[in-house]
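>>> Here is my input; please provide its structure:
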Amino acid sequence: MFLKVSHESNYIKWRIQRPERRNGLGVSIGNELLNAIDNLRNVLRTQQATRALVISAASSDSTKGRIWIAGGDLKELALLKEKKEGREYGHIFQKICRGLETLPIPVIFLIDGHAIGGGIELSLAGDFRFASPESLFVFKQTRIGLATGYGGATRLNRIVGPARASHWLLASKSVTATEALNDRLIQGIWPPQDFEQNTATLVDEIAKSPFQAIAAQKSMLASNNQTSLEHELIEFENLWMEPDHKRFLDSFH
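Numbers count the residues shown, from 1 in each chain. Below is the predicted model:
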């Protein structure tokens with residue numbers, strides 16, 4: 001089990017705990033997240049005391065800085081040799097991101113460290129993103145011969161605009177927390193020691209509105225261009241295990 005679930009008075013917390021693999025996102029953790037989303041959705045049908053979902057990760061230190069989520073689990077992904085397997089992997093995380101977007105409660109991501117590739121894409125499915133001062137957003141998909149596959153291009157384009165999204169994705173930019181705040185990728189920079197208190201304050205503000213009103217507003221905000229999401233998945237599949245991508249993954253055998 002890579003997902004620790006706990007409860008506060010009016011919100012639920014998910015913590016991704018796989019520090020030995022830098023919290024890499026593979027098929028196994030993907031299936032766990034899908035099940036957790038389905039379970040939460042079922043709970044919310046019958047009770048409305050839970051007013052938000054808060055997602056964090058057990059960050060780990062490295063020579064390059066603190067790692068929050070290091071993108072895909074490269075050792076696991078190196079075993080996916082066929083393009084259709086790459087598509088199935090991308091499809092799992094598209095379902096996860098779409099599932100988070102369409103929950104009737106707000107989803108809050110707490111980012112402490114480097115969010116890399118798929119780690120960024122996962123966080124884009126949240127309604128709120130808050131980062132620690134040392135956090136860094138590393139858009140490295142194209143550097144490894146791949147492209148966004150979870151729906152990241154569609155969401156990033158919507159959040160920061162096409163000019164910024166193009167610059168970050170095509171130039172494989174690393175974006176500091178301050179830059180991310182200035183360009184509205186995140187809503188705030190919080191010291192890690194303040195994550196818990198600030199989150200509780202935010203959820204209390206959300207809880208002042210009726211559950212049904214928040215659910216309806218989220219539904220409107222979550223309207224996505226399905227054609228764009230499908231196009232991302234097709235291109236992701238086409239690039240899977242092409243020579244440049246294969247060379248990169250082969251180094252993780």
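
>>> so where does Asp61 fall, helix or strand?
Using DSSP states H and E, Asp61 maps to strand 60-62.

>>> Which strands and helices lie in contact with the next helix or strand after that strand?
Once the chain leaves strand 60-62, the next helix or strand it forms, by DSSP H and E, is strand 65-69. Packed against strand 65-69 by the contact rule (3 or more Cβ pairs under 8 Å, 6 or more residues apart in numbering; DSSP states H and E) you find strand 60-62, strand 114-116, helix 118-123. Heads up, the C-betas are built off the backbone N, CA and C, glycines and all.

>>> Strand 65-69 pairs with which strands, and in what direction?
Taking DSSP bridges as the criterion, strand 65-69 sits next to strand 60-62 (antiparallel), strand 114-116 (parallel) in its sheet.

>>> What ranges does the stretch 51-200 of the chain have for its helices?
Applying DSSP state H, counting those that start in this stretch to the stretch 51-200 of the chain gives helices spanning 74-77, 83-101, 118-123, 152-160, 162-170, 177-182, 195-206.

>>> can you tell me which of these comes nearest to Arg129?
Distance to Arg129, taken as Cβ to Cβ, is lowest for helix 118-123 among these, at 5.3 Å.

>>> starting at the chain centroid, how far to the closest one?
In terms of Cα atoms, centre = their mean, to the nearest Å, the centre of helix 118-123 is set 3 Å apart from its chain centre.

>>> Run through who's touching that helix.
Under the contact criterion Cβ atoms under 8 Å, 6 or more residues apart in numbering, helix 118-123 has outside partners 23, 25, 57, 68-72, 93, 96-97, 109, 111, 115, 129, 137-139, 148-152, 155.

>>> Would you mind putting the CA coordinates of that helix into CSV?
Included here for helix 118-123 are C-alpha records, laid out as CSV according to Å, rounded to 0.1, in the frame of the first residue of the first chain:
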residue,chain,number,x,y,z
GLY,A,118,3.9,13.3,-14.1
GLY,A,119,4.0,14.7,-10.6
ILE,A,120,3.1,18.1,-12.0
GLU,A,121,0.4,16.6,-14.2
LEU,A,122,-1.2,14.9,-11.3
SER,A,123,-1.3,18.1,-9.3
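
>>> Mean confidence (pLDDT) on that helix, please.
Taken as a whole, helix 118-123 carries a mean pLDDT of 97.

>>> cool, and stretch 242-253?
Averaging pLDDT residue by residue across stretch 242-253 gives 80.

>>> Can you give me the buried ones in it?
By neighbour count, with 16 or more other Cβ atoms under 10 Å as the criterion, the buried positions of stretch 242-253 are 245, 248-249.

>>> Please produce CSV containing those, extended by distance to Ala78.
Written out in CSV, the entries for the buried residues of stretch 242-253 read as follows (distance: Cβ to Cβ, whole Å):
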residue, distance to Ala78
His245, 10
Phe248, 9
Leu249, 4
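
>>> one step back: kindly present the helices and strands packed on strand 65-69 as a markdown table, with separate columns for distance to Glu232 and mean neighbour count.
As requested, these are arranged in a markdown table below (distance: least, Cβ to Cβ, whole Å; neighbours: other Cβ atoms under 10 Å):
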| stretch | distance to Glu232 | mean neighbour count |
| --- | --- | --- |
| strand 60-62 | 29 | 13 |
| strand 114-116 | 18 | 27 |
| helix 118-123 | 10 | 28 |
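
>>> export the ones you listed to CSV and tack on distance to Arg15?
Output for the helices and strands packed on strand 65-69, formatted as CSV (distance: least, Cβ to Cβ, whole Å):
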stretch, distance to Arg15
strand 60-62, 13
strand 114-116, 15
helix 118-123, 14
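
>>> so Ser223 sits in a helix?
No: according to DSSP: H, G, I helix; E, B strand; the rest coil, Ser223 belongs to no helix; its state is coil.

>>> What count of nearby residues applies to it?
A count of neighbours around Ser223, defined by other Cβ atoms under 10 Å, yields 9.
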